[in-house]
Structures are given as C-alpha cells and as structure tokens.
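>>> compute the structure for the input listed below.
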Amino acid sequence: MNLELSICDIFSSRLKLREELIFTLQTENRQEYYILNDPLHSRYFRVGVTEYAFLKLLDGQSTVQDSYSRMSTEMPFHHLTSDDIVSLCQWALGRDLIRHQNPHYHQASANVNSSKPNKSKFNLILFRFPLGKPDHFFTRAEQLWGWLFHPQILIGWLLLLLFASFRIGSNWSSFCNSSKTILSIDNWLWLAGCWVVLKLLHETAHGIVCKRYGGTVREAGILFILFAPLPYVDVTSCWNFSSRWARIHVAAAGLYIELLIAAIAACLWGYTSQEWLNHLCFNIVVTASVANLLFNLNPLMKFDGYYILTDLLRISNLYSNGQLWFHQWAKRFFLGVNTLLPDWSPRDHLLIAAYGVTSFCWRVIVCITLTVTAATFLEGAGIILSLVAIVLWIIQPACRCAKYIAFGNSIESPSRSRFCLISGTLLLLTVFIFRYVPWIGNFQAPAIVEYAPLSIEHAEIPGFIREIHVNSGQQVRQGQTLIQLENPELNVEIAQLKIEIQQSELRIHQYEQKRQIADQQVELETLHSLQSKLTEKQKLFHQLTIHSQINGRVVTRNLASKLGTYVNQGDTIISIGNENQKELHVAVAQNDLEHFLKTSGQPVTVHIPHKPLLSCAIEKVVPRASVTLNHPALAASYGGDLPVKPVASTSETQSEFELLKPRFNLIVSLAAHSSSELNAGQRVAVTSRPTGYSTGQYLKQSVSEWFHNKLNP
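Reported below is the predicted structural model:
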C-alpha cells in the first residue's frame, strides 16, 4: 500500500500525538526548544517551540487543517507555512510519533514501521546483540565509583597524565623498542585481553556518569563489527540533560577512564622487574591511549568524539544534517532540483556543509576498508560478507538513485538532461586528467653509499697475522705493505725442501764422479721436481705479505685487534677504499624499475639529509631481481626502509636477513667531489621523475598494489 499522503490528504486527516511521549523544555543560546523523548523506542528528537505547539494540538478529533487554523489564531505571528505543516506531519508519521485515526492506514503504517528494525538484523557487517537492562547495576556502580568523575578529581587526573607523559618522554627510546613486538603473533592475546577489559570499563564509565546526572541506562549489549565484539551501553537519556557540559561529560567519560588507566600503567611501566607485568603495562598504554584517541575521538564516526563535537559546536543532529546538506546539494547540482534546507545560520551552514563532505568521504573509505578486510581475513565467509556489503552499500543506493533520476517523485522532478550533461562533462574531465595529465610525483627507492671499487684483500693461504703495518683510517699507496701473515707449516716445508735440494745436488755430484749416468739422470729429475715445489711454496710465502692494490684509505674497523689471530684461506683481512671513488647501490622495487629506466639520459635525484640535492646518472642495472640485501643498513631491523625476514646464515659473509620481496640493484655513479662528501654505508634516497606517466596510470598501479597486498598478505 502506498503510504505517501498528498497535501490534501494531510490537511483532511485526523492525527493524534502519542500520549506517552515526553517533552522537556530546554534553552540554548537564549533560544528555547523541546527535547522529545520516545520511551517506547528509546529515541530523542529536538523540535522548536512552534512545532511543539502544533503537535500538541493533534488530538485525533480535529483535522490537521483545524489544528493549523487554531494555532494561527492563538499564535498569529508563527512562521510555519502549509508546506512546513505537511513536512512536519510526514516526519512525525514516519517516526511513529503521531498516528492516523484511520484504522486501515494506521495498521498499514504499523506494519511498515515494525518491519524497519528487522532489516538491521540481516546486516552481517554491523549488528547489535542486546543483553538486558542494566540500570540497577549502574545505579549501584555510581554509588561506589561515582567519586572518580567528580570535577575536583580532574585536577589529579591531569597531573597524573602529565607525569605519565614525562615518564614516557624521558624513556622514549625504551618505549619505542618495546613497540617492535606490539603486532607480533605472540602479543595478540595480550592485546585482545587488554582491549576487552578496557572497553568494558569504557562503557561502564559512560553509564556511571549518565546516572550521576540523573539519567537512565536503558540497555547494554554487544556490537559486532565484522563479527568483532564491542560492548555498548544505551545512554541516550542524557539528551534530557539541560546542560550541554553534562552531556559532554557523559560522552567523554569512557575516554577519561581509559586515559586514567593508561597513565597508571605508564607510571608502572619500567619500574617493575617482572617482564610480564612490564609487557602488560605497555600494551595497556598503547591500547588505552593511541587506539582510543584514533577511534573514539574521531568525530567522523558516531562515537564519543562525534557527540562531544556536536555539543561543543551547539549543532544538534550534525551527522543527519550533514547528510541532508550533501544530498540536497547533489540534487541541486546534478539534477537541478530546487531543494530547501533548514534556516541555518551562516556559521552553522558552513560547519554542516564541511562535515557533510568529510563524513561522506570517510564513509566511502570505511566501506572499502571493511569490505577488503572481510574478504582478506575471513576467507570464504569474508567473500560472502563482501558481496552483502556491496549489495547494501553500492547496488541498493545506486538502484534508488537511478529510480529517482528516471521517475522522480510526487514533489520533485529531476532534470535528466542536466544530469547527463554534468555527469558526461565530469566523466570526460576525469578521463582527460587521468589519461593526459602527467603525474607530478616521483618514484623513490632507498640506496646505500659504497666504494667503487672496494678493494678487499683475502687470505690466499691460512696463517697467523704477525704484523700489521697500517692503522684503521690510514691513507695508503698502491703497493704499500699492509699486513704480514705467518704460516709455520709453510716455513717448515720450505726449509725441508731446501735441505732435500742440497742433498739431491750432493748425490748428483757423487754420481757424476762415479760415472753413474743413469742414476745421475734420475736424480736430476728429482732435483727439478724439488725445485718446482720450492718455487710454488715460495710463491705462497710471498702471498703471506698483503699489499694494497689501490690508493685509498683503510676502512676496516678495529684492525689492531686482529693481530695474532688465525685466518683461513679466503677470509677477509683488510679493505681499502678511495674516498673520491664511490657509487650508490639502489634497491628498486620491481614495479618501479621501468620508471627508473625510462629516465635514460636524464639524471636521478639523490636526497641526502641536511645536504643539497645531487643529480647523478644510472651507470648499470643488475638484470635479475634478488632478495639478497645490498647492505644491512637498508634493513628495517637496522633503521632502513626495506622490510626483511631473518634467514639462517651459512657463512660469515652472508647476511642474516633477506628481503620479503625481490628488488633490482641499480648502480648510480657519483662525481669525485660528491663522493668525498658522503660516507660509505650512509643511507640516502634516490628519486626518479617518470616521463610519459599519467595520473591515471599512477592511481591504477597504486590501487592494484593496495588490493594485491591486502588480498595476498
């Protein structure tokens, strides 16, 4: 049955205001208004004095026309027009505040209204599970713990927060080190436990403060968001409070108690020798402070921050008014519909418009995030939830919008030609921007400064380091003696070979005197073999002396500590680098490689902290991507930008970490004057501005990578 009443039907109808509704007169900014309390549905509305006077005249006996005429007689200077009366009656009928005296219409309206709440039960993304009426519990809790929320306690609360902040600030490095394990799998149970307990205390605080000001807690239960449970309490009775500061106190009570617990935990953190207690305090500090401030104080979500903001701005129904402004603006701009907005002041109009735009953008972000999160973490069930979310949040609104554009309604007739013109223009403009406007950003990759080349001297044969002729950091010349090794076994072998050669020469001389030609020939061959062995051993002996291959500086640290140590064949002994010959090893992501290579002929930009930018050329590209880390300093574990995972090292030269994703290695040359200003092992950033890369291509790649990372964690 179509329940949409025409203007004539409204004025000829007999409507009756429900008797159980409670009206409370309040004053704000010297303006009087009424708070309408619907105790049956635990709902609160704000109506003006004139609207209240008209609603009270709806007794079910007189028609709306008679009531309107009577009000015009009693209040000749009221501002309500006939259109306002129609809108007010339709609004009140839609919320079951007034009822039609026609039994047929009243029954149909009741069926429609009763079906509305049931729709929320099928919302698998967000739904509530009530657990009862805890008003008696909160009455008792307020008697026991209400003193915590006394205004005088606020001074001690602030002092405790200041001390806790000082405690964390003075031990900031230790606090940051503790945060490295905050998201580890072993810590999830601790975080979940802290979260549940803190949220229970959070909601309890709302109820206690509500009771403190004379309110009632009608309901408590569990709110499920993607099946993640969150406790809630119904403290909507605070809208009856005449003081906005009392309402703000109720909304801020949860934040107040969580920050109090966080401050106590911060004071205990680090003072205890019990590791588990220290770990627990850290989790409480993070959960009760950072997470609380990010979510509960976000005014774009209808949590505590939203209700605090509405009372601070003195704008009621900020969320719904923001939606109304956005919808009416969209109708005016796209469809040319002459829409009417409430008579807001210029200040309120600006704030409501700003909130409407930002809250719409936030809703889009939240819907996308929740959908992707459900599909990612809930596997098969998540796919179903994602499809449900797409139907509820995209398909249904799109169908309603298309129906409205095509057919309009009994009051509004949208201009379809205007919609096609504006939408087509915006579409063409978007295509032009995405396809032809170049992206003005850069692609960035981390890099490390290395010597070019780095002369590394290895032990050709094993031995002991007996002499070190240079020091760490010393400048050396090509061919200069650096280190002297000693191999006692080699010395013995050389001495033994020399003795054997002397003995062989003596035997040859004896054979020659005795004219034993055959024996002499055999001994000559033996002598030649011994001399060859001696030559080889002497070559090895000369390799015990390490010489510099280049002009440069000794870069090996703590070189003196190696004196007397034993080195195996192939071990690194000393490294020499030239300060005027360095290069950059750039770790480029696979998707960004083509943008660096497209800059052939154009220099890349090197960003050095606290120094001017450098322009350098790409010298070489290693053709194969690898998970091998170019330098430990690039790893996130050591303060770098690259995520890594630990691996079992099979040798001293192999890194203990490897990259999570393969990267290409680019070699960027440095000029001599630039090389001398940079230190080997220094981290820098290299950026490249791509050519022929549009804004649309960048957005497409970014979105694709984001979805790929979310769906393939």
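
>>> what ranges do the helices span in the stretch 551-700 of the chain?
All helices of the stretch 551-700 of the chain, identified by DSSP state H, counting those that start in this stretch, fall at 593-597, 672-677, 695-711.

>>> closest to residue 167 out of those helices?
Proximity to residue 167 (C-beta to C-beta) singles out helix 695-711 among the helices of the stretch 551-700 of the chain, at 36.8 Å. All C-beta spots, glycine's among them, are computed from the backbone N, C-alpha and C.

>>> tell me which of the helices of the stretch 551-700 of the chain sits most buried.
helix 593-597 (a mean of 18; mean count of other C-beta atoms under 10 Å).

>>> packing partners of it?
Secondary structure elements in contact with helix 593-597, counted by 3 or more C-beta pairs under 8 Å, 6 or more residues apart in numbering; DSSP states H and E, are strand 443-451, strand 618-621.

>>> can you redo those as CSV with distance to residue 31, mean neighbour count and mean pLDDT?
Below are those laid out as CSV (distance: least, C-beta to C-beta, whole Å; neighbours: other C-beta atoms under 10 Å; pLDDT from 0 to 100):
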stretch, distance to residue 31, mean neighbour count, mean pLDDT
strand 443-451, 55, 22, 88
strand 618-621, 69, 15, 83
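
>>> let's have those in CSV, adding distance to residue 211.
Below are those laid out as CSV (distance: least, C-beta to C-beta, whole Å):
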stretch, distance to residue 211
strand 443-451, 55
strand 618-621, 70
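
>>> out of those strands, nearest to residue 193?
Distance to residue 193, taken as C-beta to C-beta, is lowest for strand 443-451 among these, at 37.5 Å.

>>> so who does the closest residue in space to residue 235 that isn't next to it in sequence touch?
Computed as C-beta to C-beta, 6 or more residues apart in numbering, the closest residue to residue 235 that is not its neighbour in sequence is residue 210, at 4.1 Å. By C-beta atoms under 8 Å, 6 or more residues apart in numbering, the residues touching residue 210 are 138, 216, 217, 233, 235, 237, 238, 250.

>>> give me the nearest residue to the first one, chain neighbours excluded.
Of all residues beyond its chain neighbours, the one nearest residue 138 is residue 207 (4.0 Å), with distances taken as C-beta to C-beta, 6+ apart.

>>> look at the one you found and give its secondary structure.
At residue 207 the chain is in helix, as set by DSSP: H, G, I helix; E, B strand; the rest coil.

>>> so it sits right up against residue 145, yeah?
No. Assessed by C-beta atoms under 8 Å, residue 207 is found out of contact with residue 145, at 10.5 Å.

>>> one step back: so how far is residue 251 from the residue nearest to residue 235?
According to C-beta to C-beta, to the nearest Å, residue 210 stands 10 Å off from residue 251.

>>> what is in contact with those two at once?
Joint contacts of residue 210 and residue 251 (C-beta under 8 Å, 6+ apart) are residue 238.

>>> pairing partners for the longest strand seen in the chain, with directions?
The residue-count maximum for a strand in the chain (DSSP state E) belongs to strand 657-669. Counting by DSSP bridges, the strands paired with strand 657-669 are strand 582-589 (antiparallel), strand 618-621 (antiparallel), strand 626-628 (antiparallel), strand 644-646 (antiparallel).

>>> want to throw these into TSV with distance to residue 255?
Shown next, in TSV, are the strands paired with strand 657-669 (distance: least, C-beta to C-beta, whole Å):
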stretch	distance to residue 255
strand 582-589	40
strand 618-621	52
strand 626-628	45
strand 644-646	38
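
>>> out of the ones you listed, which comes closest to residue 427?
Across those, closest to residue 427 is strand 582-589 (C-beta to C-beta), at 32.4 Å.

>>> number of nearby residues for residue 142?
By the criterion of other C-beta atoms under 10 Å, residue 142 has 19 neighbours.

>>> ok, then the element right after the helix or strand hosting it?
Secondary structure from DSSP states H and E places residue 142 in helix 135-145. For helix 135-145, the succeeding helix or strand toward the C-terminus, using DSSP H and E, is helix 153-170.

>>> hang on, the earlier thing: give the buried subset of the contacts of residue 210 as a PyMOL selection command.
In PyMOL syntax, the buried subset of the contacts of residue 210 is picked out as below (16 or more other C-beta atoms under 10 Å):
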select buried, resi 138+216+217+233+235+237+238+250
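
>>> restricted to helices, list the contacts of residue 210.
Using DSSP state H, 138, 250 are the members of these that sit in helices.

>>> which helix runs longest in this protein?
helix 346-377.

>>> would you confirm that residue 641 contacts residue 634?
Yes. Judged on C-beta under 8 Å, residue 641 makes contact with residue 634 at a distance of 6.9 Å.

>>> quick one: which of those two has more around it?
Of the pair residue 641 and residue 634, residue 634 is the one with more neighbours under other C-beta under 10 Å, namely 22 against 14.

>>> coming back round to it: quick check: mean pLDDT of the longest strand of the chain?
For strand 657-669, mean pLDDT is 86.

>>> same check, this time on stretch 488-498
In this model, stretch 488-498 carries a mean pLDDT of 89.

>>> buried residues in that stretch, which are they?
Here stretch 488-498 shows 490, 493, 494, 497 as buried, counting by 16+ other C-beta under 10 Å.

>>> now stretch 232-245
Buried, per 16+ other C-beta under 10 Å, within stretch 232-245: 232, 233, 234, 235, 236, 237, 238, 239, 240, 241.

>>> residue 308: which of these is nearest?
Of all those, the one sitting nearest residue 308 is residue 238; the distance, using C-beta to C-beta, is 12.0 Å.

>>> for residue 392, which of the helices of the stretch 551-700 of the chain is the nearest?
For residue 392, the closest of the helices of the stretch 551-700 of the chain is helix 695-711, at 20.5 Å, according to C-beta to C-beta.

>>> can you list the weak-confidence ranges in the stretch 401-550 of the chain?
Applying pLDDT under 70 to the stretch 401-550 of the chain picks out no residues at all.

>>> tell me where it has helices.
Remark: helices assigned in the stretch 401-550 of the chain by DSSP H, counting those that start in this stretch are 416-436, 488-513, 517-542.

>>> out of those helices, which comes closest to residue 478?
The minimum distance between residue 478 and these falls on helix 517-542, with 17.2 Å, by C-beta to C-beta.

>>> that closest one: how far from the chain's middle?
Relative to its parent chain, helix 517-542 has a centroid offset of 74 Å by C-alpha atoms, centre = their mean, to the nearest Å.

>>> now the angle from that helix to helix 488-513?
Angle between the axes of helix 517-542 and helix 488-513 is 160 degrees (criterion: axes from the mean of the first three to the mean of the last three C-alpha atoms, to 10 degrees).

>>> mind listing what's buried in helix 517-542?
Neighbour counts using 16+ other C-beta under 10 Å place 520, 523, 526, 527, 530, 533, 534, 537, 541 of helix 517-542 among the buried residues.

>>> what's the spacing between the fifth one and residue 503?
Think residue 530. 9 Å.

>>> can you tell me the closest non-neighbouring residue to residue 309?
Leaving aside its chain neighbours, residue 309 sits nearest to residue 299 (4.3 Å; criterion: C-beta to C-beta, 6+ apart).

>>> using the three-state scheme, assign the one you found.
Looking at residue 299 with three-state DSSP, the answer is coil.

>>> I'd say residue 203 and residue 257 touch.
No. Contact between residue 203 and residue 257 fails when scored by C-beta under 8 Å: they sit 9.8 Å apart.

>>> thinking again about what came up before, can I get the helices of the stretch 401-550 of the chain in TSV with distance to residue 367?
Listed next are the helices of the stretch 401-550 of the chain as TSV, based on distance: least, C-beta to C-beta, whole Å:
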stretch	distance to residue 367
helix 416-436	21
helix 488-513	76
helix 517-542	74
